[in-house]
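*Asks:* next comes the sequence, and after it the predicted model I'd like to discuss.
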Amino acid sequence: MADQAVIGGSGASLLPALARRSEAVVIPLAALVVGFAIFAVFLLTQGKSPADFLGLVWKGAYGSAFSWQNTLSRAAPLLFAALCVALPARLGLVVIGGEGAIVLGGVAVGALGPAMAHVPAFIALPLMAAAAMSVGAVWIGAAGALRHYRGVNETISSLLLAYIAIALMNQLVEGPFRDPASLNKPSTAPLAESLRVGNLPGMDVHWGLAFGILGCVVSWILIDRTTWGFAARIAGGNVRAAQVQGLPVGRLILGFTALAGGFAGLAGFFEVTAVHGSANASLAAGYGYTGILIAFLARHNPLAIIPVAILLAGFGAASGLIQRRMGLPDATILVLQGFVFLSILISDTFYGRYRIFAPERWGR
Amino acid sequence: MTVIGEEPFPRGALEVQTVGMTMRFGAFTALDDVSITVGAGSFHALLGENGAGKSTLVKCMMGFYHATAGQMMLGRREVKIHDPRDAHRLGLGMVYQHFTLVPSLTAAENLVISRHDTPAMIDWAREKKALDAFMSAMPFRVPLDQPVARLAAGEKQKLEILKQLYLGRRFLILDEPTSVLTPDEADEVLGHVRGLCEKGEISVLMITHKFREVTAFADEVSVLRRGRLVGQGRVGGLSHAEMAAMMIGASAARAPLPREGAPGSAILSVSGAKARDRSGLKEIDIESLTVRAGEIVGIAGISGNGQMELMEILTGQRPLIAGEVEVEGKIYHATRPEALTLAVRYLPEEPLRNACAGRMSVAENIAFRSFDVNGVGRRFWLDGRGMRDKAGSLVEAFKVKTASLDTPIAALSGGNVQRAVLARELTGDVRLLVISNPCFGLDFAAVAEIRSRIVAARNAGAAVLLMSEDLDEVMELSDRILVMSEGRIAYETPAATADLATIGHHMGGHA
């Protein structure tokens, strides 16, 4: 009867359950540390102190109310960008073209701006958000459709679609949607003041953060608590098993990639309405690519994306300070991100190797 | 590598002995004091259920594991083997169940690159000449200039053995070498191996599950159970029943349930169904196939004759060019709602590869069939507690051995994965059950249990379509037997009057 107690899942199984879950935390954390250790060696070769670097990151990212606000503002688009990677990943797809959906979502908002200038904000903003989400959904959904119907690798197609999206944005912003008043930096017409999304109460951080966190929570519920999410996890775990179960794999792929693209489009919406005020080349700021790193660090768990996005947004927020105080170029943060991403990818091979995380192998 | 005793070793086949070989993994003893002698030039079979320690023993011999205790003797000299390279240098080689050849390279290229001393620049003209000389001294050959991908399975396995000889190995471990071969191919390959043993070129230790091959080709047999050597002897003196008794020990497997009841109305009917096969070159053409309620229709055939494609047609993974599949008179496309209302269930072969998501938990895998239904309609919110409770009672009812319901299903043994899949697919109303190779690679106890569950489903009124490469399984379970050959149903007979020779004839496509 001892076996039954374990199977019953009562208090006795708390420790094994904890051990099983901790694997998904301990391994990425270790990878983060290893990635930073390699970066530290890189810093030493540049004659800089890793300890100074960490101190400045702390100061620039989390050291004061001001730096916290800077960090959180940067986290908003990263949350959406990471969701754009994490949702398809649960279906076994590696989509890395979120940048394209962000950019086009922003362009859609910028293009609609003039037409919405005299529409009340409570109607105009949801309409513009819907437009941004739709454009993003079509863009990433296209990568999903190519994968499902034509067998095109979604990683490559989404990346190439991102380049096309950026080119398209440049074309539109410099051509049909250009505000003649924007001289140095071609942009769409500035949004009416009524259409600018403001800050969260009592903070200098725009509403994008709240919606980003909401997006993560909704995604987690979708994946973890609904039958659709369960079906997607089956298809992601083994597509043959999903087919034998008669699950609509194609519809799941289309739905999840479209939703992922919709979230990325929403990032573009907030970048335009809350940050830039118009659509221009600043939309292609690399959030889509940092989002890939965040999603992988978070093991594609939407709730884990929240802290990880805040962590990486902190690096971005501190980069200015590091540049000034340590005399390191801007790209230093990219070097750090590169090392961390490599060690995260390598860490994927360590799952299931350690007995401490596998209670069924304890005591053998 | 350490050798105690005079060198060099005598030429030709090696005598290999393990003395008191013991291997512990933590508190678990995988191998307990096993002493086996494979005489020079003898063909020794190693029998045992899954998990009996066969693989552990040969891994210790080859230096993949370092035995906790015990010695290896080679040609009566004590040797210490630190890693597989040592084993190779001493002339020990291993042939695996699955091929280790590079499919896109030719046989000649595969042989040359397998050497340790291949130079950076290969003088192909010289190598070719050397290979031709080598081949002409061999009792059997394979085409050297063909890419390996184009060779049949039997040819590939012959090439694997040739490779070992080419590398100068004088003691071969064969790990279930015939599991991917047809019976004819298996006989040919093993015949050649036996010939090499008789000529004194090699000694062989073969891991196998097939008694027929033991009787036909081996001189001696050793039987392992739970890590212990439980029986040994000359093959001539042992009957299949005696070998089976040694393998499974005291707790014998249950006999299949007696069948009862007569077949009812037609449940599955396939008519004029045509589809492309795997290669896209040939056609699967099932003119007519009917399975009625309360009967098991077994499809026998050599693998690769369209059984896999037929399974894919029935699971909706392979589109039809013409014809249709009907279940209870309704056109069936294998969508989830159809499978649900018509109560169609599947047991695909290799359940971990085709019916489970390895990283998901046992409880989640058991819920694949039912997670989205709640009795009245489709549910949107997942019922985690309900799934767990149901999985808990099914795990108990089907005796799935698992540490907990949260264990990833990939951590279970093959038999327990299949039990979990059975628990999922056989629960509730089952009107049509489509099965492919349900007992492939499982141990005796699991096989008997799984077969009896299939018969029980039939007795309860399910229509069962069983595709199996194991003819004994088809004969044991079926009410009616069909033979598939080259994508068609070549022969049909009631099981009661089935004649093995005739079935074998049709399997080979000679009729």
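*Replies:* That came through, no problem. Predicted, not measured: the structure shown is a model, and the values here were computed from it.
*Asks:* which strand or helix spans the closest residue to residue A:79 other than its chain neighbours?
*Replies:* Counting by C-beta to C-beta, 6 or more residues apart in numbering or on different chains, the nearest residue to residue A:79 once its immediate chain neighbours are dropped is residue A:212, at 3.2 Å. The way it works is simple: take the backbone N, C-alpha and C, and place the C-beta from them, glycine included. Per DSSP states H and E, residue A:212 falls inside helix A:208-225.
*Asks:* over to residue A:76?
*Replies:* Secondary-structure element containing residue A:76, defined by DSSP H and E: helix A:65-90.
*Asks:* buried stuff in that helix?
*Replies:* Within helix A:65-90, the residues that qualify as buried are A:67-90, counting by 16 or more other C-beta atoms under 10 Å in any protein chain shown.
*Asks:* repeat for stretch B:171-186
*Replies:* Under the neighbour-count rule (16+ other C-beta under 10 Å), stretch B:171-186 has B:171-183, B:185-186 buried.
*Asks:* in contact with the residue in chain B positioned nearest to chain A, which residues?
*Replies:* Using C-beta to the nearest C-beta, residue B:357 is the residue of chain B that sits closest to chain A, at 2.5 Å. Remark: with contacts taken as C-beta atoms under 8 Å, 6 or more residues apart in numbering or on different chains, residue B:357 is in contact with A:233-234, A:236-238, A:241, B:364-365, B:409.
*Asks:* all helices for the stretch 201-350 of chain B, in order.
*Replies:* Secondary structure of the stretch 201-350 of chain B by DSSP state H, counting those that start in this stretch: the helices cover B:211-217, B:240-248, B:307-314, B:336-341.
*Asks:* the second one - what's its average pLDDT?
*Replies:* This means helix B:240-248. With pLDDT averaged residue by residue, helix B:240-248 scores 71.
*Asks:* what does the third one give?
*Replies:* Mean pLDDT, computed over helix B:307-314, is 91.
*Asks:* follow-up on the earlier one: out of the contacts of residue B:357, flag the one nearest to residue B:313.
*Replies:* Of all those, residue B:313 sits closest to residue A:241, with 17.5 Å by C-beta to C-beta.
*Asks:* so which residues make contact with the following helix or strand past the helix holding residue A:212?
*Replies:* Using DSSP H and E, the helix or strand that follows helix A:208-225 in sequence is helix A:227-237. In this structure, residues lying in contact with helix A:227-237 by C-beta under 8 Å, 6+ apart are A:89-93, A:221-223, A:241-242, A:245, A:247-249, A:252-253, A:255-256, B:357-360, B:364, B:367-368, B:371-372, B:378-382.
*Asks:* in the stretch 201-350 of chain A, what residue lies closest to chain B?
*Replies:* Taking C-beta to the nearest C-beta as the measure, the point where the stretch 201-350 of chain A comes nearest chain B is residue A:237, at 2.5 Å.
*Asks:* count of residues packed around that residue?
*Replies:* Other residues near residue A:237 come to 23 when the count uses other C-beta atoms under 10 Å in any protein chain shown.
*Asks:* ditto for the one 4 residues further on
*Replies:* Number of residues near residue A:241 (other C-beta under 10 Å) recorded here: 25.
*Asks:* mean confidence (pLDDT) on stretch B:9-23, please.
*Replies:* Across stretch B:9-23, pLDDT averages out at 87.
*Asks:* tell me the buried residues in it?
*Replies:* B:9, B:13-18, B:21-23.
*Asks:* ok now that stretch, how far from the chain's centre?
*Replies:* Chain-centre distance of stretch B:9-23: 28 Å, with C-alpha atoms, centre = their mean, to the nearest Å.
*Asks:* how about the CA coordinates for that stretch, as CSV?
*Replies:* This file holds the C-alpha atoms of stretch B:9-23, laid out as CSV (Å, rounded to 0.1, in the frame of the first residue of the first chain):
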residue,chain,number,x,y,z
PHE,B,9,46.9,-13.8,-28.4
PRO,B,10,46.4,-16.9,-30.6
ARG,B,11,45.0,-16.2,-34.0
GLY,B,12,41.3,-16.8,-35.0
ALA,B,13,38.3,-17.0,-32.8
LEU,B,14,38.8,-15.8,-29.2
GLU,B,15,37.6,-17.6,-26.1
VAL,B,16,35.9,-15.1,-23.8
GLN,B,17,35.0,-15.6,-20.2
THR,B,18,33.4,-13.5,-17.6
VAL,B,19,34.2,-14.5,-14.1
GLY,B,20,31.8,-13.3,-11.3
MET,B,21,30.8,-10.2,-13.2
THR,B,22,28.8,-7.9,-10.9
MET,B,23,27.5,-4.5,-11.6
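*Asks:* is chain A contacted by that stretch?
*Replies:* No. Stretch B:9-23 does not reach chain A (C-beta under 8 Å from any C-beta of the partner chain); its nearest approach is 13.3 Å.
*Asks:* okay, the one residue in the stretch 51-200 of chain A that gets nearest to chain B: pLDDT?
*Replies:* When C-beta to the nearest C-beta is the measure, the stretch 51-200 of chain A has its nearest residue to chain B at residue A:92, with 9.9 Å between them. Listed pLDDT for residue A:92 reads 93.
*Asks:* would you put the C-alpha positions of stretch B:348-365 in PDB?
*Replies:* Taking only C-alpha atoms (Å, rounded to 0.1, in the frame of the first residue of the first chain), the coordinates of stretch B:348-365 have been written out as PDB:
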ATOM      1  CA  PRO B 348       0.000   2.100 -32.400                       C
ATOM      2  CA  GLU B 349       3.300   0.300 -32.400                       C
ATOM      3  CA  GLU B 350       6.100   1.700 -30.300                       C
ATOM      4  CA  PRO B 351       3.700   3.500 -28.000                       C
ATOM      5  CA  LEU B 352       6.300   5.900 -26.700                       C
ATOM      6  CA  ARG B 353       7.100   7.100 -30.200                       C
ATOM      7  CA  ASN B 354       3.600   7.100 -31.600                       C
ATOM      8  CA  ALA B 355       1.000   7.400 -28.800                       C
ATOM      9  CA  CYS B 356       2.600   9.300 -25.900                       C
ATOM     10  CA  ALA B 357       4.400  12.600 -25.300                       C
ATOM     11  CA  GLY B 358       7.500  11.400 -23.400                       C
ATOM     12  CA  ARG B 359       8.100  14.600 -21.300                       C
ATOM     13  CA  MET B 360       4.500  14.800 -20.200                       C
ATOM     14  CA  SER B 361       3.500  13.000 -17.000                       C
ATOM     15  CA  VAL B 362       1.900   9.500 -16.700                       C
ATOM     16  CA  ALA B 363      -1.400  11.200 -15.600                       C
ATOM     17  CA  GLU B 364      -1.400  13.600 -18.500                       C
ATOM     18  CA  ASN B 365      -0.700  10.800 -21.000                       C
END
